[in-house]
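Enquirer: Kindly return the folded structure for what I paste below:
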Amino acid sequence: MGVGVAMYPHASSYEMLVALRMVFALGGGAASAMLTAVLGDYVDGEVWPDEVSSFYSTATALDAEAEDASNSTQMSQSQPLLAGGHRIGGNLKSSRGKLAGLVGLSSGLGALVALFIFLPMPVGYTDIVEGLHRTYLAVGLMSAAFGCILAAFLPGAAPVQTTPQTSAKSILKVAAEGFSSARIPEVLLGYVASFLARGDTVIITLFVPLWVYKTYIDNGSCTAPSPDAPDIRDVCASAYKWASALSGVAQTLALIGAPVFGALSDWTHAKIAVLASAILGCASYAVMFAVDPTEKFVLAVAAVAGLSEIGLVIGSMVLVTDSAYINPSVRGSVAGVSSCFGAMGILISSKLGGYLFDVWHKGAPFFILAIGHGIAICVGVAVITSTRRTAVGRFRLD
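Expert: I've put the predicted structure just below:
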């Protein structure tokens, strides 16, 4: 990422520009996938083998105090961990959601640094071109510095036991493992949430401003020829300020909501967090499709959309890293496919949303996401219902 960003403004041709963009995309995609994969290794004592043994020994001891020793032993052996880190009959609780919430909070802080420090940085120079070069260089160096810090201080995870047949995986094998894991209901819901979370990000950062600009132009309050006019900030100052306010409120609520949804994922379950986020998103985007963005109450709607976005980010991250139903040997594959679904969400939301924005309705991108969140609600309800039936069945069998 650092190399791609630092060299980007120095590209002398379109081909070089595309190549540097690909270098950055490669680093960004890898960072996103591995962030999700590593998250699962740093909760519940999954990093160090000795801690794993102690963790499960404690679970057995707690069960033994509650029931007869023989029954307790049978329970701890036969009953797997439920999603969220709970064992049926035990009181263990995972911190995976809280850690995911902190990751979301850090991501939000990074966005604020970019917004308030790096974005206005070029205009502080007399030569705007020099300002852009220095800004990109600063971002690239910061990225490289964080990479060096992680390489030096990030503890290694416990090695996964492998056989000669599984020690080296091809890209096709990794992809097959990730996509086949969608047969697990929780993982499928995590993929859906990842798709929508990235789509929400595109909608809030790209289409909310265009939605506002288009409305001002249609109302005659702005003389810009189109919503994507390069001088829209100067020609339609009031529209620019209102669009910034809506986006700012959404991102601020996303920042605040990150630890809240992280705690909710641990307190209840990530499936509940994803379902709640999907409901909030479906409602908010349906309203945004139908209303005038200049209305004051749209600020509250944007705030709800921001909460939905971060809730889906946190929920998807927890669902695709939970060792209750994901074998650690395929966690990287699942994380990679989850990021792939996120990338598809970005592509579909931006391309299809942009096309329909031009040819149909200025609120079309919100309509698309409202449908997407509605589908997520159906998937979430189905997953929660099926897993509850499975849990009840296990109790009855015991």
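Enquirer: where does this protein have low pLDDT?
Expert: 40-94, 156-168, 388-398 (pLDDT under 70).
Enquirer: Now do the same contact list for the spatially most central residue of it.
Expert: Nearest to the geometric centre of the chain sits Val313, at 3.0 Å (Cα atoms, centre = their mean). Residues near Val313 by Cβ atoms under 8 Å, 6 or more residues apart in numbering: 104, 107, 193, 197, 258. Just so you know, the C-beta spots here come from the backbone N, C-alpha and C atoms, and that holds for glycine as well.
Enquirer: Can you give me the end-to-end span of stretch 170-186?
Expert: Its first and final residues considered, stretch 170-186 spans 25 Å by Cα to Cα, to the nearest Å.
Enquirer: what comes into contact with that stretch?
Expert: 83, 169, 187-188, 191, 270-271, 319, 322, 325-326, 330, 332-338, 340, 382-383, 386-387.
Enquirer: again with stretch 292-300
Expert: Residues contacting stretch 292-300 (Cβ under 8 Å, 6+ apart): 208, 211-212, 215-216, 219, 242, 245-246, 249, 288, 291.
Enquirer: Give the buried residues for it.
Expert: 293, 298 (16 or more other Cβ atoms under 10 Å).
Enquirer: Quick check: end-to-end length of that stretch?
Expert: Stretch 292-300 end-to-end distance (Cα to Cα) = 13 Å.
Enquirer: Report the distance from stretch 21-28 to the chain centre.
Expert: Remark: stretch 21-28 is offset 18 Å from the chain centroid, using Cα atoms, centre = their mean, to the nearest Å.
Enquirer: Then stretch 172-188?
Expert: 18 Å.
Enquirer: Kindly check the end-to-end length of it for me.
Expert: 19 Å.
Enquirer: May I see the buried residues of it?
Expert: 174, 177-179, 181-182, 184-188.
Enquirer: farthest-separated two in those?
Expert: Val174 and Pro185 (21.6 Å; Cβ to Cβ).
Enquirer: quick revisit: out of the contacts of stretch 292-300, which is most surrounded?
Expert: Val212 (27 neighbours; other Cβ atoms under 10 Å).
Enquirer: Neighbours of the nearest residue to that residue once chain neighbours are set aside, how many?
Expert: Computed as Cβ to Cβ, 6 or more residues apart in numbering, the closest residue to Val212 that is not its neighbour in sequence is Ala243, at 4.0 Å. Counted by other Cβ under 10 Å, the residues lying close to Ala243 total 23.
Enquirer: now Ala243: how far from Ala250?
Expert: Remark: distance between Ala243 and Ala250 (Cβ to Cβ, to the nearest Å) = 11 Å.
Enquirer: Quick check: neighbours shared by these two?
Expert: In contact with both Ala243 and Ala250: Val208, using Cβ under 8 Å, 6+ apart.
Enquirer: Just the buried subset of the contacts of stretch 170-186, written out for ChimeraX, thanks.
Expert: To isolate the buried ones among the contacts of stretch 170-186 in ChimeraX, judged by 16+ other Cβ under 10 Å, type:
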select :83,169,187,188,191,270,271,319,322,325,326,330,332,333,334,335,336,337,338,340,383,387
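Enquirer: Ser12 - how many residues pack around it?
Expert: 7.
Enquirer: picking that back up, considering the contacts of Val313, which possesses the most neighbours?
Expert: For these, neighbours tallied by other Cβ under 10 Å; top is Ala193, 34 neighbours.
Enquirer: That one: what's it in contact with?
Expert: Ala193 sits in contact with 274, 277-278, 312-313, 315-316, 319, 376, where contact means Cβ under 8 Å, 6+ apart.
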